[in-house]
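J.: task: produce atomic coordinates for the following.
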Amino acid sequence: MNYKKNNCKLIIEIGVNHNGNINLAKKMIDTISKYEVDYVKFQSFLADELCIKQAKLARYQKKNLIQNISQHAMLKKYQLNYKDHIILFEYCKKKKLKFVSSVFGYKSFKLYNNFKTDFVKIPSGEINNISFLKYLDGFNKNIILSTGMATKKEIDNAVKNLRKTKNKQKLSLMHCVSSYPAKFDEMNLNSIKYLKKKYKLKVGLSDHTNSTVIPFMAHAIGANYIEKHFTLDKSLIGPDHKASIDEAQLKEIVYSIKNLKKIYGRLGKFVTKSEEINKSVVRKSIHASKKISKYEKFSLGNICLKRPGNGISADKYLNIIGTKAKKNYKKDDLI
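T.: So this is what the prediction gives:
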């Protein structure tokens with residue numbers, strides 16, 4: 001793969017880490033805007049459409065919320081209405097960031113589709129919602145499909161149903177491990193290469209580890225997108241704060257990802273300017289190992305290879321043997 005041409009897009013997800021507070025969401029956008037980020041992502045859902053009122057929390061949600069409520073009650077607190085979407089869309093625009101969101105149903109997609117965005121994200125939980133995928137396929141909207149918890153067969157089926165119409169929307173996939181935080185030994189980054197090869201699509205990584213190294217590694221094997229959850233404070237109460245990166249980690253990731261093009265460089269092997277400076281210091285050249293008189297023949301007994309390398313190159317050593325000295329040399333003189 002041509003790594004230099006892998007223009008990896010960085011998606012920083014606020015998700016529900018705004019805790020239902022628009023002012024907190026704005027502060028998060030302010031922080032993200034300080035860095036070279038491509039997208040700020042939210043989650044567009046309506047609790048009444050997404051789950052029944054008795055739906056239970058996931059284990060990690062219970063642990064991070066520190067309160068015994070239903071999933072419906074939690075989602076109700078964090079859902080964004082149409083006015084909220086307008087405010088956040090415009091604020092991202094003001095901060096020169098692109099607003100995108102995950103959609104969790106027909107109503108939330110209709111809400112989100114009022115905005116001009118680069119793509120819509122389908123979360124992992126909707127990958128087997130085939131009727132919804134068929135519905136989305138009817139719109140000329142670029143789609144990123146997350147594949148967390150999905151089998152090969154489920155991904156096949158989802159991709160097939162998102163490619164049925166002749167609309168020109170582009171489909172991309174996101175490798176994802178739906179665990180918060182995700183464990184290193186479950187990340188299987190080679191799935192990125194597998195998905196790219198099998199479907200001939202752009203593939204990214206939705207990374208739920210606490211690591212800043214994983215995004216770097218994902219880019220190195222060809223990820224076209226890197227998505228990370230973001231929080232201003234990991235100690236805040238909420239389902240995703242502990243599986244999110246903070247500002248210091250965001251800065252580190254952005255620096256690494258955006259500098260990879262410089263690191264990859266050109267195809268080939270080149271001597272750098274910095275290396276040229278060091279070359280004469282660390283390489284060897286031909287020196288007199290003892291006093292040598294004019295017209296005396298050079299031999300293994302009177303010349304040697306030592307630093308510095310600012311004389312005749314070491315690769316000429318055997319060529320010098322047997323030739324005559326044109327002047328007198330003292331020990332350690334350059335030949």
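J.: which residues does residue 247 contact?
T.: Residues in contact with residue 247 (C-beta atoms under 8 Å, 6 or more residues apart in numbering) are 31, 232. Backbone N, C-alpha and C define where each C-beta goes, glycine included.
J.: how about the strands in the chain?
T.: For the chain, the strands defined by DSSP state E occupy 9-15, 39-44, 98-103, 120-122, 143-146, 171-176, 202-207, 225-229, 285-288, 303-306.
J.: buried ones in the fourth one?
T.: By neighbour count, with 16 or more other C-beta atoms under 10 Å as the criterion, the buried positions of strand 120-122 are 120, 121, 122.
J.: quick one: the last one and residue 137 touch, right?
T.: No: Residue 122 lies out of contact with residue 137 (C-beta atoms under 8 Å); the separation is 10.8 Å.
J.: give me the common contacts of the two.
T.: Residues touching both residue 122 and residue 137 (C-beta under 8 Å, 6+ apart): none.
J.: on that earlier part again, turn the strands of the chain into TSV, including mean pLDDT.
T.: Below are these laid out as TSV (pLDDT from 0 to 100):
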stretch	mean pLDDT
strand 9-15	97
strand 39-44	98
strand 98-103	98
strand 120-122	98
strand 143-146	98
strand 171-176	97
strand 202-207	98
strand 225-229	98
strand 285-288	98
strand 303-306	97
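J.: need those in TSV with distance to residue 330, can you?
T.: Below are these laid out as TSV (distance: least, C-beta to C-beta, whole Å):
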stretch	distance to residue 330
strand 9-15	62
strand 39-44	69
strand 98-103	70
strand 120-122	75
strand 143-146	72
strand 171-176	67
strand 202-207	64
strand 225-229	62
strand 285-288	7
strand 303-306	13
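J.: which residues of the protein score low on pLDDT?
T.: Low-confidence segments of the chain (pLDDT under 70): 1-6, 166-168.
J.: how about the helices in the stretch 1-150 of the chain?
T.: 22-32, 47-50, 59-65, 71-78, 82-94, 106-112, 130-137 (DSSP state H, counting those that start in this stretch).
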